[in-house]
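**Q** Sharing a sequence plus its predicted fold:
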Amino acid sequence: MAADGEEDVETVTGVALLADALRSQGVEWVFGVVGIPVTNIAPALQDAGIGYIGMRNEQAASYAASVVGYLTGRPGCCLVVTGPGLIHALPGIANAHVNCWPLLVVAGGCDQDQIGMGAFQEWPQLEDCSRCKYAVRLETLESIPFHVEKAVRSSLYGRPGPSYIEIPGNMTSDAVPITRIEQVLPCPPPPMSLADPAAVQRAVSLLRSAQRPLVIVGKGVAYAFAEHEARSLIVPRRLPFLPTPMGKGVLSDAHPLCVSPARSRALQEADVILLLGARLNWILHFGLPPRFSRDVKIIQVHLI
């Protein structure tokens, strides 16, 4: 109620700000386990039109949210409580980091006036999330839309990965005059990055001169929805290809150009290898002999 002679001021709570900010940035699904201090966030998400799915464990929630990020190209969101809730979600965060999947994790934190005093389930959560592409502990209600947009942008731009937002418990119920909230526009799609034309010409020339070329199709092709482009390159030119485990399905394993049954020989004898959205990690023996020829030339196309 306003005092005599004063006008009523419309206010908005921290949970409503958070839900509206997530919705405006294109977050459609949130997976989580609610409890103190994030209990009231779940209904606020539903009021904002966001689908909330309660899970039995935060680890499953973080995995589910990261898979949404991989399948849709937009970050799924995971909601967890303070301390153990965030700790249980770390496997999904690590998985998103290693696999380059966009993910947004929202965790409750202890009240701002209780930091360092042994608050309920207090834990150094920002430190645990230091490998995230963006990690922040909210300080003011007014900053919520800004940090949500920045977290989503960071998870998508460049090589995708996880972002982390921590909301102190007191901020979930605190309110601020709506006139103090600045509108933040939705994060635009990641900018298109192009290779140096000279490097493309060298790659084309190398492929044309190859005697035993091989294309390795990685998960980046699927993530970039580049199935048509990959097929248009491989099939007309009859280039032998080898899918990585997560590159399967871009072209059928039953395709006559698929050399999976002769994987070891194909890797050992190829003189030029084109990596499409794949990395030379343990799955591909790091690109080293004796699995690869010592003289092999490798063209790597980064898609994520």
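**A** Nice, I can see it. Numbers count the residues shown, from 1 in each chain.

**Q** burial of the nearest residue to residue 157 once chain neighbours are set aside, as a residue count?
**A** Nearest residue to residue 157, sequence neighbours excluded (C-beta to C-beta, 6 or more residues apart in numbering): residue 190, at 5.0 Å. Every residue, glycine included, has its C-beta placed from N, CA and C. Residue 190 has 13 neighbours, counted by other C-beta atoms under 10 Å.

**Q** how would you label residue 190: helix, strand or coil?
**A** With DSSP: H, G, I helix; E, B strand; the rest coil as the basis, the three-state label of residue 190 is coil.

**Q** How about the contacts made by it?
**A** Taking C-beta atoms under 8 Å, 6 or more residues apart in numbering as the criterion, residue 190 is in contact with 156-158.

**Q** got the phi/psi numbers for it?
**A** In terms of degrees, to the nearest 10, the main-chain angles of residue 190 are phi -60, psi 140.

**Q** before we move on, what about residue 274?
**A** Per-residue torsions, residue 274: phi -100, psi 110 (degrees, to the nearest 10).

**Q** hang on, the earlier thing: restricted to helices, list the contacts of residue 190.
**A** residue 156 (DSSP state H).

**Q** and residue 209, how many neighbours?
**A** Around residue 209 there are 11 other residues, counting by other C-beta under 10 Å.

**Q** what do you get for residue 129?
**A** With neighbours defined by other C-beta under 10 Å, the count for residue 129 comes to 23.

**Q** give the contact list for it.
**A** Residue 129 sits next to 86, 93, 105, 135, 162, 164 when contact means C-beta under 8 Å, 6+ apart.

**Q** follow-up on the earlier one: quickly name whichever of the contacts of residue 190 is closest to residue 205.
**A** Taking C-beta to C-beta as the measure, residue 205 sits nearest to residue 158 out of these, at 28.9 Å.

**Q** List the ones among the contacts of residue 129 that fall in helices.
**A** Among these, the subset assigned to helices under DSSP H consists of 86, 93.

**Q** need the contacts of residue 129 in TSV with pLDDT and distance to residue 231, can you?
**A** Formatted as TSV, the entries for the contacts of residue 129 read as follows, by pLDDT from 0 to 100; distance: C-beta to C-beta, whole Å:
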residue	pLDDT	distance to residue 231
86	97	42
93	98	34
105	98	36
135	98	39
162	98	31
164	98	38
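
**Q** Mind telling me the two of the contacts of residue 129 farthest from one another?
**A** Between all members of those, the longest pairwise span (C-beta to C-beta) is found for 86 and 162 and amounts to 12.0 Å.

**Q** So those two - more neighbours on which side?
**A** Neighbours were tallied for residue 86 and for residue 162 using other C-beta under 10 Å; the higher tally belongs to residue 162 (32 against 28).

**Q** Please verify my assumption that that one contacts residue 99.
**A** No. When contacts are counted by C-beta atoms under 8 Å, residue 162 is not listed as touching residue 99 (10.2 Å).

**Q** Which neighbours do those two have in common?
**A** For the pair residue 162 and residue 99, residues contacting each of them under the criterion C-beta under 8 Å, 6+ apart are residue 66.

**Q** Strands of the chain, start to end?
**A** For the chain, strands defined by DSSP state E occupy the ranges 11-13, 29-32, 51-54, 76-80, 103-109, 134-137, 162-168, 175-177, 213-217, 241-243, 272-276, 297-301.

**Q** of these, which approaches residue 65 most closely?
**A** Residue 65 lies closest, by C-beta to C-beta, to one member of those: strand 76-80, at 3.6 Å.

**Q** Pull the residues that contact the closest one.
**A** Under the criterion C-beta under 8 Å, 6+ apart, residues 22, 27, 29-34, 38, 41-42, 45, 52, 58, 61-62, 64-69, 86, 88-89, 92, 102-108 lie in contact with strand 76-80.

**Q** Check stretch 92-101 too.
**A** By C-beta under 8 Å, 6+ apart, the residues outside stretch 92-101 that reach it are 59, 61-67, 69-70, 78, 102-103, 105, 129, 131-132, 159-162, 164, 219, 223, 304.
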